[in-house]
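[1] Build me a model:
(chains A and B)
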2 protein chains.
Amino acid sequence: MAQNYQPFQASMLALGQAPSVIRETFEYGNRRAAEIGRENVFDFSLGNPSVPAPDSVHDTMRRLMDETDSVLLHGYTSAVGAEPVRSAIAADINKRFSAGISAGNIYMTCGAAASLTVTLHAVLCPGDNCIAFAPFFPEYRVFVEAANADLTVVPADLDSFQLNLDAFEKLVNAQTKAVIINTPNNPTGVVFTEANLRKLCDILRAKEAEYGHPIYLIADEPYRELVYDADTVVPYLPNLYDDTFVCYSFSKSLSLPGERIGYIVVSPKMKDSKLVYAAVCGSGRALGFVCAPSMAQRVVADNLGRTGDLSVYRRNRDLLYKALTEYGYRCIYPDGAFYLWVQALEPDANAFCQKARDYELLIVPSDSFGCEGFVRIAYCVTTEMIERSLPAFKKLAEAYGK
Amino acid sequence: MAQNYQPFQASMLALGQAPSVIRETFEYGNRRAAEIGRENVFDFSLGNPSVPAPDSVHDTMRRLMDETDSVLLHGYTSAVGAEPVRSAIAADINKRFSAGISAGNIYMTCGAAASLTVTLHAVLCPGDNCIAFAPFFPEYRVFVEAANADLTVVPADLDSFQLNLDAFEKLVNAQTKAVIINTPNNPTGVVFTEANLRKLCDILRAKEAEYGHPIYLIADEPYRELVYDADTVVPYLPNLYDDTFVCYSFSKSLSLPGERIGYIVVSPKMKDSKLVYAAVCGSGRALGFVCAPSMAQRVVADNLGRTGDLSVYRRNRDLLYKALTEYGYRCIYPDGAFYLWVQALEPDANAFCQKARDYELLIVPSDSFGCEGFVRIAYCVTTEMIERSLPAFKKLAEAYGK
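    Numbers count the residues shown, from 1 in each chain, chains lettered A, B, ... in the order given. Next up, the predicted model:
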């Protein structure tokens, strides 16, 4: 055998075999449920929407099947997505954010992960650097490295969990090609304030001028619609910064995570926007992501502005935040998404999560999100399970002397 | 600006801007239809199924919506696909081909393109070589190069359009990691004979022994079910060669090309099959292709063994092959798929296709498939359009003195 011959991609094998603490926790939960009954296990590990899709989604599907020719309904759309679908999405964006988006700025994708990989492969070149802010969705590292670039992580602001911009400013350099932000945030549930984002954009503009090239802002927005207080605003990034991509998914808003449907916006104000859009098209082609699922494209276009019953998540958030705070936990107030971010009651979040299992509480340590000493509690579960879990959270706090 | 700085991936821009003769032909047809009426334009450019999905597909969708909890139906499945879906597919494969496949050998994907890109990224390393046989689906080159490997093209056997194995044997070398074959073939419609395939496998085994490492056979099989004669057999490659991947899609068999649903089989007989399967999982994760569309997974599992009404394609094939042969064209007999491969009536296939436009015939020159002097006629159209087009084909032949 030739020296250095690899029978397959070692990096892909490593990824395929990498343990996932979230998956491991979920599977532990299933085993434990088999032992002591599902009702006695409090599984807060997965970020899976727990409210059904709005009825209008199935209404649209039935109507499409009744009224649309099967060959058209299930046929290939344009590689970038059906024009009427992209026009409807652009109109909805403009109605809400006056962002001047047109169908030609939108590339339909097979969900949030595809939105990110297509965007990253379009812009990142070997040797480029991409920045993410801790704590962050761990697949960002996987996606950036798959595009042959490097990920730099900005340490968290452990007080506010807003973007840590002092640290960020020092980490940007001439190799920085892109910055990923995620608001409302997974795993913290925090929504970055407009002031925080405006300062980020000011820094980016100054660095673009200093280095003489674009630094793209990639706004990963699957949780955009999941905010719970009337005064919480999620600024539309293309209105704050020209060189912005928006990577959107309908997974959480319409409770359709398995249907893999989302889109990329290439801001029309971006430098060389049309060329960058063409690079996105090329990237989609190279990765095998042309023509997002055709019926799902039509379904989301027909359900813009609708969501599942998000009041369930708000009720869960309020219940859990209030109770855990009372029990002595330090909780970061979650403006959105469906995660509560809680400081572990000992320095090692992994040890804390193991201890929580003694009380049948399945929660995820913060380490895999690039930040130590916290846990993520996914409250996209039934309110009733939360109610039943509260005594366990109380006992866990008491075990730490709270 | 830093020297050599690229504002985005030049290779992706080039791909995104690359002209496509198929798309250009299709768009010309739309313009021409606006000028002279759709009924006067004979568009044979696109490989889009023209028969509807079987009724059972919509029956399944309605039943799933009526009977399955929305959160489950549209929720994430396992990254590799729902276990019951993979088990059903494995059982169907084993019933038909006795191939010893289990759910753990199957990775559900978002269509044929994804099946190929995930497989190629799993096995190809920089510097590796992948072989395809001309004429071939042009995206093979895109997908292989996106995996940082090189594509070698085996010249066509211009008599039979079976695999040109004498040329192949000389082109295999120590860098050869994978070989892609596509039967029934796009663009020729030819089904490779079992004898031809057995000889390919013998060569591969000999070369594996010579170089001391696996050479993977990647069977790209979206057209497997589209064969029209009782005596046409499409051999199941995992039964002929151990180191085989099958990349399957339901696009053509169920007339669901837009729904993006297919799968990869990693043969259980493959060397290190479990490790390679893990690399496929890692590759899917890196490319952002985990969890194929969830409702579509369940739909195909419920419709295994069914197809659209393929008799339409057979009727079209017989009609077109007989007429064009009578008019003096040299047609390669198509055992399957929905393409007729015809020798151009002048050496330059592009010039011939331009000439055909004088008769409102829109056909695709062979050059983009890696082979000169032929044209592809996609007969996945209405039989009635074929009937109306025949006088035009006759006049075109006559213009060349036939």
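[2] what does the stretch 151-300 of chain A have sitting close to chain B?
    A:174, A:211-214, A:255-260, A:271-272, A:275-283, A:285-296 (C-beta under 8 Å from any C-beta of the partner chain). All C-beta spots, glycine's among them, are computed from the backbone N, C-alpha and C.
[3] Can you select the buried ones among those residues for me in ChimeraX?
    A single ChimeraX command selects the buried members of these (16 or more other C-beta atoms under 10 Å in any protein chain shown):
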select /A:211,213,214,255,256,257,258,259,260,275,276,277,278,279,280,281,282,283,285,286,287,288,289,290,291,292,293,294,295,296
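[4] my read: residue A:224 touches residue A:253, true?
    Yes: Residue A:224 is within contact range of residue A:253, at 7.2 Å (criterion: C-beta atoms under 8 Å).
[5] The two - which one has more neighbours?
    residue A:253 (25 against 21; other C-beta atoms under 10 Å in any protein chain shown).
[6] Now name the helix or strand holding that one.
    Assessed by DSSP states H and E, residue A:253 sits outside every helix and strand.
[7] Report the contact partners of it.
    Residue A:253 sits next to A:224-226, A:307-308 when contact means C-beta atoms under 8 Å, 6 or more residues apart in numbering or on different chains.
[8] just those now: which is nearest chain B?
    residue A:308 (8.8 Å; C-beta to the nearest C-beta).
[9] Work out for me the element the closest one sits within.
    Residue-wise, residue A:308 maps onto no helix or strand under DSSP H and E.
[10] Go ahead and flag the most central residue of chain A.
    Centroid-nearest residue in chain A: residue A:222, 5.1 Å away (criterion: C-alpha atoms, centre = their mean).
[11] ok, that residue to residue A:122 distance?
    From residue A:222 over to residue A:122 the distance is 19 Å, taken as C-beta to C-beta, to the nearest Å.
[12] what comes up buried for stretch A:308-315?
    A:308, A:310, A:312-314.
[13] how about the strands in chain A?
    For chain A, the strands defined by DSSP state E occupy A:42-43, A:106-109, A:129-133, A:150-154, A:176-182, A:216-220, A:244-249, A:262-266, A:331-332, A:339-343, A:361-362, A:364-365, A:374-378.
[14] Export these as a markdown table, with columns for mean neighbour count and mean pLDDT.
    A markdown table is the format used below for the strands of chain A (neighbours: other C-beta atoms under 10 Å in any protein chain shown; pLDDT from 0 to 100):
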| stretch | mean neighbour count | mean pLDDT |
| --- | --- | --- |
| strand A:42-43 | 22 | 96 |
| strand A:106-109 | 28 | 98 |
| strand A:129-133 | 24 | 98 |
| strand A:150-154 | 18 | 98 |
| strand A:176-182 | 24 | 98 |
| strand A:216-220 | 26 | 98 |
| strand A:244-249 | 27 | 98 |
| strand A:262-266 | 28 | 98 |
| strand A:331-332 | 20 | 98 |
| strand A:339-343 | 23 | 98 |
| strand A:361-362 | 22 | 98 |
| strand A:364-365 | 26 | 96 |
| strand A:374-378 | 26 | 98 |
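[15] Relative to residue B:372, which of those strands is closest?
    Checking these against residue B:372 by C-beta to C-beta gives strand A:106-109 as the closest, at 34.0 Å.
[16] Residues touching the closest one, excluding its own?
    Here strand A:106-109 has contacts from A:77, A:80-82, A:85-86, A:89-90, A:115, A:118, A:247, A:261-266, A:277, A:280-281, A:284, A:289, A:291-292, A:297, using C-beta under 8 Å, 6+ apart.
[17] Tell me what the closest residue to residue A:325 other than its chain neighbours is bridged to.
    Spatial nearest neighbour of residue A:325, excluding adjacent residues (C-beta to C-beta, 6 or more residues apart in numbering or on different chains): residue A:331 at 5.3 Å. Legend: beta-bridge partners of residue A:331 under DSSP bridges are residue A:342.
[18] try the one 5 residues further on
    In this structure, residue A:336 has beta-bridge partners residue A:227, where bridges are defined by DSSP bridges.
[19] From chain B, how far out is residue A:139?
    For residue A:139, the distance to chain B equals 7 Å [C-beta to the nearest C-beta, to the nearest Å].
[20] show me what contacts that residue?
    If you count contacts by C-beta under 8 Å, 6+ apart, residue A:139 has them with A:113, A:116, B:285, B:288.
[21] and of the residues you listed, the nearest to residue B:158?
    Once C-beta to C-beta is applied, the member of the contacts of residue A:139 that ends up nearest residue B:158 is residue B:288, at 40.4 Å.
[22] Dihedrals phi and psi, that closest one?
    With angles defined as degrees, to the nearest 10, residue B:288 sits at phi 90, psi 30.
[23] okay but it is in contact with residue A:143, surely?
    Yes: contact criterion C-beta under 8 Å: residue B:288 and residue A:143 qualify, at 6.5 Å.
[24] All the helices of chain A, residue numbers only.
    Along chain A, counting by DSSP state H, helices occupy A:10-17, A:21-36, A:55-67, A:70-73, A:83-97, A:112-123, A:139-146, A:165-171, A:194-211, A:273-287, A:294-301, A:311-326, A:349-357, A:383-399.
[25] quick one: the closest residue in space to residue A:137 that isn't next to it in sequence and chain B, what's the gap?
    Using C-beta to C-beta, 6+ apart and skipping the chain neighbours, the partner closest in space to residue A:137 is residue A:186 (5.3 Å). As judged by C-beta to the nearest C-beta, residue A:186 and chain B stand 14 Å apart.
[26] Residue A:186 touches residue A:133, doesn't it?
    No: judged on C-beta under 8 Å, residue A:186 makes no contact with residue A:133 at a distance of 11.9 Å.
[27] picking up where we left off before, check the contacts of residue A:139 against residue B:48 and report the nearest one.
    residue B:288 (25.7 Å).
[28] Pull the contacting residues for the closest one.
    A:110-111, A:113-114, A:116-118, A:139, A:143, A:287, A:289.
[29] among those, which two are most distant?
    A:139 and A:289 (15.7 Å).
[30] still on that earlier bit, which of the strands of chain A sits closest to residue B:30?
    strand A:106-109 (20.6 Å).
[31] Count the neighbours of residue A:30 for me.
    11.
[32] Equivalent analysis for residue A:205, please.
    So residue A:205, with other C-beta under 10 Å, has 14 neighbours.
[33] Look up how far residue A:214 lies from the nearest residue to it once chain neighbours are set aside.
    Take residue A:205 and drop its neighbours on the chain: the residue closest to it by C-beta to C-beta, 6+ apart is residue A:241, 7.3 Å away. Counting by C-beta to C-beta, the separation of residue A:241 from residue A:214 is 11 Å.
[34] what do you get for residue A:259?
    Noted for residue A:259: a distance of 33 Å to residue A:214, by C-beta to C-beta.
[35] Residue A:112 is in contact with the residue nearest to the centre of chain A, correct?
    Yes: at 4.7 Å, residue A:222 counts as touching residue A:112 under the criterion of C-beta under 8 Å.
[36] so what sits against both of these two?
    A:248-249, A:251, A:262.
[37] What separation is there between the residue nearest to residue A:205 and residue A:204?
    Taking C-beta to C-beta, one finds residue A:241 at 6 Å from residue A:204.
[38] any residues in contact with both of those two?
    residue A:217.
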